[in-house]
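# sequence first, then the predicted structure:
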Amino acid sequence: MAINVVIAGPRGKMGSEAVKMVLNEEDFRLVACIDRKNDGKTLNSIISSVDATVPIYDDIETCLDQQKEVDVLVELSVPEAGYKHTKCAINHGIRPVVGTTGFTENQLAELDELAKKQNIGCIIAPNFAIGAVLMMKFAKMAASYFPDVDIIEKHHDNKLDAPSGTAIKTAELISENRTVKQQGHPEEKETLTGARGADVDGMKVHSIRLPGLVAHQEVIFGSAGQTLTIKHDSIDRASFMDGVKFCIERVLESKGLTYGLENIL
């Protein structure tokens with residue numbers, strides 16, 4: 001039986017890749033899209049490379065009220081809409097797979113509680129690339145031996161949030177194994193505010209935004225006489241689609257909120 005999917009954010013770079021992936025998968029069926037600018041149109045009228053006459057809605061409530069056979073919402077829109085869309089899907093008994101970032105701890109806790117109440121799964125993945133997930137897991141392992149660490153994440157200049165969800169998740173995983181310490185000289189001063197990056201338990205997180213980039217991160221550990229760099233590069237958004245596909249399949253079997261692809265690999 002096909003898995004019926006709604007995609008929020010079909011015009012975005014991630015969303016357009018997800019549209020192609022879902023349309024090309026025999027076991028998936030794209031039943032609708034959510035796009036704030038194209039209510040009432042069909043997908044083939046806004047994406048020239050797509051010939052599917054999939055309906056578009058600008059309001060998720062209307063979409064889910066009219067589309068009665070939806071299994072999964074793939075949320076790839078923008079941070080200000082991501083929480084609303086995810087919560088609405090759960091309240092309709094529809095399982096969200098979310099790549100949009102920027103959720104607060106309180107929002108994550110609320111979504112987890114709602115999903116458990118509805119007895120359905122919800123997966124929020126700051127990064128769908130399998131290699132990026134391995135990069136995070138390796139960094140967590142290394143943190144037991146290298147407590148001095150900087151995280152440098154680089155993305156395209158249209159990304160709205162900084163630092164990235166991947167960088168935040170990496171810092172959280174490192175913190176589980178790292179002894180909390182303040183890095184650098186105790187009397188260091190920034191002559192330009194922000195030069196040393198954001199601070200997470202004493203480790204530094206730096207964000208770079210430039211045209212030509214897609215999604216890149218390196219975690220640099222240092223100790224006496226040596227450095228260790230763990231790096232991942234996504235050079236095409238197709239790299240994320242195996243993870244999206246995997247999550248669509250797995251969210252049907254899970255219960256409550258799963259935050260991070262590494263928890264279901």
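Received the coordinates, thanks.
# the residue of the chain positioned farthest from its centre in helix, strand or coil?
Most distant residue from the mean C-alpha position of the chain: Glu187, 36.7 Å away (C-alpha atoms, centre = their mean). Under DSSP: H, G, I helix; E, B strand; the rest coil, Glu187 falls in the coil class.
# just give the nearest non-adjacent residue to Arg114, would you?
Just to correct that, residue 114 is Leu rather than Arg. Ile90 (4.7 Å; C-beta to C-beta, 6 or more residues apart in numbering). (Each C-beta comes from the backbone N, C-alpha and C, glycine too.)
# tell me how far that neighbour lies from Ala109.
Counting by C-beta to C-beta, to the nearest Å, the gap from Ile90 to Ala109 is 13 Å.
# can you give me the helices in the stretch 151-265 of the chain?
Counting by DSSP state H, counting those that start in this stretch, one finds helices in the stretch 151-265 of the chain at the ranges 165-177, 241-251.
# between Ile90 and Ala109, which one's more packed in?
A direct count of neighbours by other C-beta atoms under 10 Å for Ile90 and Ala109 places Ile90 higher, at 25 against 12.
# what helix or strand is that one on?
Applying DSSP states H and E as the criterion places Ile90 in helix 79-91.
# domains in the chain, by residue range?
3-124+238-263, 130-234 (automatic domain parsing).
# pipe these into TSV and attach mean pLDDT per row.
Output for the domains of the chain, formatted as TSV (pLDDT from 0 to 100):
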stretch	mean pLDDT
domain 3-124+238-263	94
domain 130-234	95
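# nearest to Glu17, of the helices of the stretch 151-265 of the chain?
For these, the distance to Glu17 is smallest for helix 241-251, at 5.8 Å, taking C-beta to C-beta.
# give the contact list for the closest residue to Phe221 other than its chain neighbours.
Spatial nearest neighbour of Phe221, excluding adjacent residues (C-beta to C-beta, 6+ apart): Phe146 at 3.5 Å. Applying C-beta atoms under 8 Å, 6 or more residues apart in numbering to Phe146 gives the contacts 221-223, 228.
# name the SS class of Phe146, please.
Assignment for Phe146 (three-state DSSP): coil.
# so it versus Gln226, what's the distance?
Per C-beta to C-beta, Phe146 is found 9 Å from Gln226.
# likewise Val19?
Val19 is 45 Å from Gln226, by C-beta to C-beta.
# what residues does the helix or strand where Glu110 lies touch?
Applying DSSP H and E as the criterion places Glu110 in helix 105-118. Helix 105-118 is contacted by residues 83, 86-87, 90-91, 93, 103, 121-122, 124, 255-257, 259 when judged by C-beta under 8 Å, 6+ apart.
# ok, back up a step: between Val19 and Gln226, which one's more packed in?
Using other C-beta under 10 Å, the more surrounded residue of Val19 and Gln226 is Val19, with 26 against 8.
# on that earlier part again, buried deepest among the domains of the chain, which one?
domain 3-124+238-263 (a mean of 19; mean count of other C-beta atoms under 10 Å).
# first vs last residue of that domain, how far apart are they?
Using C-alpha to C-alpha, to the nearest Å, the span of domain 3-124+238-263 from its first residue to its last is 22 Å.
# just to revisit the earlier point, so the helix holding Glu110 versus helix 79-91, what angle?
20 degrees (axes from the mean of the first three to the mean of the last three C-alpha atoms, to 10 degrees).
# quick revisit: on contacts alone, who are the packing partners of the helix holding Ile90?
Helix 79-91 sits against helix 60-66, strand 72-75, strand 95-98, helix 105-118, strand 121-124, with contacts defined as 3 or more C-beta pairs under 8 Å, 6 or more residues apart in numbering; DSSP states H and E.
# between those, which one is nearest to Glu172?
It's helix 105-118; of those, that one is closest to Glu172 (C-beta to C-beta) at 10.5 Å.
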